[in-house]
Structures are given as C-alpha cells and as structure tokens.
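In: Make a model of this:
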Amino acid sequence: MNVSLKQPLQAESRANISVRERLPSGPPAPMPETQKQRVRRLAAHCQKYRGSVPHLAIRQIATTIVPLIVIIGAMFATVEYAYWATLLLALPAAGLIVRAFIIQHDCGHGSFFLSRALNDVVGRAMSVLTLTPYGLWRREHAQHHATSGNLDRRGAGDINTMTVREYLELSKLGKLHYKLYRHPLFLFGLGVPTYFVILQRLPWFHALPPRETWKSVLTLNVGLVALYAPLCYFFGALNVLWVGLPVLHLAAALGGWLFFIQHQFEETTWDKAEGWDFQVAALLGSSYYDLPKVLNWFTGNIGLHHIHHLNSMIPNYRLSACLEGSPELKSINRLTLRDSLRCARLKLWDEDQRRLVGFDELPAIA
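Out: This next block holds a predicted model:
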C-alpha cells in the first residue's frame, strides 16, 4: 500500500503559518521597568547638572545681600516713626534670609562653588545672617541625606515622625507630648524659631554630641557679637531687637515649613533598614514643591527637593534646568501651595498602608 506524505506535510505547514500569525511581529517586547531601574535612570539624568557655575553663584550672592542691606536699612529708618512699615518690610527681609540659608546649605554640600575653601568662607559668612552654625549644620545635614526615609535611623535634620504602632504604644502623657510637638502653631510658631534663634547658640540639643558641636557654635556666636554689637551701638539695642526679631522669627518659621513639606506628605516613603534604598528614598521620599516663580526665587528652588536629594551636588541655581530636562520629574510627588496646606494634618507613618496619616484616621486603622 502506497502511503502519501503530502497531506500531513501540508497540514503541518498550515499549522505553522497559523502559529506565526498569532505571534507578535518584530523584536520581543521589553520587560517593564522596575522602580529601582527608573530611579537609577533619573539619577543618571540629574548627574549631568551637578557642578558649580561661578558667575551664577556670584550673581545669587549679590541679588541676596544687596537687597537685604537696603531693606534692613529701610527698617531701621522706619522703626521709630512708622513701625507698621518696619513690619511690612520684615516679610521680604525674611525671604532673603531664607535665600541666604539656601546659599549656606549649598556651600555645606560643596556644590555652590568649585572650591571647598570658598564654599566654607561663603557658608560661614551666610551663617551670621541665618544664625545657623555652619560646621554643625553641614555635618547634621549630611547625616540627614544619608538616612532620609530610613525608619531605623530617624532623628537627623528632620521633623520627628513616629509610626502608628509606636504612637499607640505611648502613654497618655507621651501621646499628648507628641500631639503638642506636631501641632502647626507650636511647630512653626514657637518650636522652629526657638531652635534657630536660641538652641543653636548652645552646643546641646543637636544630633551630634556637644564635644563635636561647641567649636562651630562658639565661632558663630563670636561672629554674631561682631555683627550685632556695632548695630546696637549706632541704632540702640531696643531698635535692633524690634527690627531683628520679626525678621528672624518669620525666616525661621518659613524655613521650618520648607523642612516639613519636603518629606511630610502623604505619598512619601519610609522603610526599615533592610529594605531601604538610598536613591529610591531620595527621589520618592522627597517632594516637588511646585511654587510660584517669586517664591522659588526666595527659596532658592529648594522646593525641587526630590532632585536635590537624588543628587545633592546640583547647586540650587541649576535645579530648574534639571527639572526642565526631564519632564518626568515634574510628575513625581508634586505639591502645590494648596496641596501643601493639607499636609499639616499628617502626623504618623502607617507601615501597613505605606503612607502618612492624621490622628483623625487612627480609629479606622486601630
């Protein structure tokens, strides 16, 4: 009996064609990008914007110090005759103090100028205006960057934040203490200004031991005497107080709010040490505070905090260019002014839901 192989071969050929028709044409689809891969890619983009641009740095110093001198002069001219005008001028003066603080901050990172020595000179000069010991701040802030978003290493350069479990385990007195500490009126009206104006004059109450802080604190205190003694001599100690106090109080409160909103938003991220990743925490645990241009100018673009934490060697005057160079960065942790006000109610990190929550959500969680 003759057996024909033609039919089976034709059937197999048609089956192969059918399979090929169902398969996608072209190269195989790429694997979805993981969270870490995305963060690494954005970090590589930010790397291109690190490094000082000297003429921009010099311009920023000039546009900060010159108007500050003019405004402070106008405040002294009005303090005895039109104190309402003095108080009105205190607001832009406080904004310029915040701008001076950002210059000091960048000098501490070594990003404002190319020279470390020049960074240190300018940073220490700005510290006389900001009342913040340069060496102490530089070390504490470096520790903050190295531990941001790490639940096991909290406490350096940030607002104290407890987890829900930690809070529920507190005594009634402990819960009351934490509630008072986290209340906006206390935090920004009294706590942060007291820290900047008074506690920074002392070697205690810092993340570093007193033996490592006293030199930086003492050096600044001597500088403050050198600045304020002549002002008291020429204008009178009382007038110096009436001019300086509202400016410094406002500047501290505004700076404290910036510190708060940079990491205290609902979709931030915290992890235990074993699951913590520096770059992931830097980008996803820091906000993009989308402020109006005039406020960005006064705050030295520090609202672009997710970029700053991803690469602290980008000076503040290059942060905007980095943002514009990657529109994707504009969609990460963006907060408007209105959004940020709602963040004031957030108090605790909920490890189960992985978000910050307010005290009003505790019954539902518990």
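In: didn't Val240 look like it was pressed against Leu231?
Out: Yes - Val240 is within contact range of Leu231, at 5.0 Å (criterion: C-beta atoms under 8 Å). All C-beta atoms are positioned from the backbone trio N, CA, C, and that covers glycine.
In: Would you mind giving the secondary structure of Leu356?
Out: The three-state label given to Leu356 by DSSP: H, G, I helix; E, B strand; the rest coil is strand.
In: what's the burial count for it?
Out: 22 (other C-beta atoms under 10 Å).
In: cool, Lys48 as well?
Out: Residues lying near Lys48 (other C-beta under 10 Å) number 14.
In: Return the residues in contact with it.
Out: Listed by C-beta atoms under 8 Å, 6 or more residues apart in numbering, the contact set of Lys48 reads 322, 325.
In: For Asn311, see how far away it is.
Out: Separation of Lys48 from Asn311 (C-beta to C-beta, to the nearest Å): 9 Å.
In: Over to Ser320?
Out: To Asn311, Ser320 is 14 Å away according to C-beta to C-beta.
In: These two: who's more crowded?
Out: Ranked by neighbour count (other C-beta under 10 Å), Ser320 and Asn311 place Asn311 first, with 23 against 15.
In: All the strands of the stretch 51-200 of the chain, residue numbers only.
Out: Per DSSP state E, counting those that start in this stretch, the stretch 51-200 of the chain has strands spanning 162-163. These are given in chain order.
In: For it, just list every one of the helices.
Out: Remark: helices assigned in the stretch 51-200 of the chain by DSSP state H, counting those that start in this stretch are 54-78, 83-109, 116-130, 134-147, 164-168, 172-182, 184-186, 192-197.
In: Now render these as TSV, adding mean neighbour count.
Out: Formatted as TSV, these follow (neighbours: other C-beta atoms under 10 Å):
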stretch	mean neighbour count
helix 54-78	15
helix 83-109	21
helix 116-130	19
helix 134-147	19
helix 164-168	16
helix 172-182	13
helix 184-186	12
helix 192-197	18
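In: my guess is Pro92 contacts Ala74, does it?
Out: No - between Pro92 and Ala74 there is no contact under C-beta under 8 Å: 10.1 Å.
In: In space, what's closest to Gly108 - neighbours in sequence excluded?
Out: Sequence neighbours aside, Arg138 is the residue nearest to Gly108 in space, at 3.7 Å (criterion: C-beta to C-beta, 6 or more residues apart in numbering).
In: now swap in Trp214 and tell me
Out: With sequence-adjacent residues excluded and distances taken as C-beta to C-beta, 6+ apart, Trp214 is closest to Pro203, at 4.0 Å.
In: Just to be sure, the one you found is in a helix?
Out: No - read with three-state DSSP, Pro203 is coil and lies in no helix.
In: I'd like to know how many residues surround it.
Out: Every residue meeting other C-beta under 10 Å relative to Pro203 is counted, giving 19.
In: in this structure, which ranges drop under the pLDDT threshold?
Out: Scanning the chain for pLDDT under 70 picks out the ranges 1-29, 364-366.
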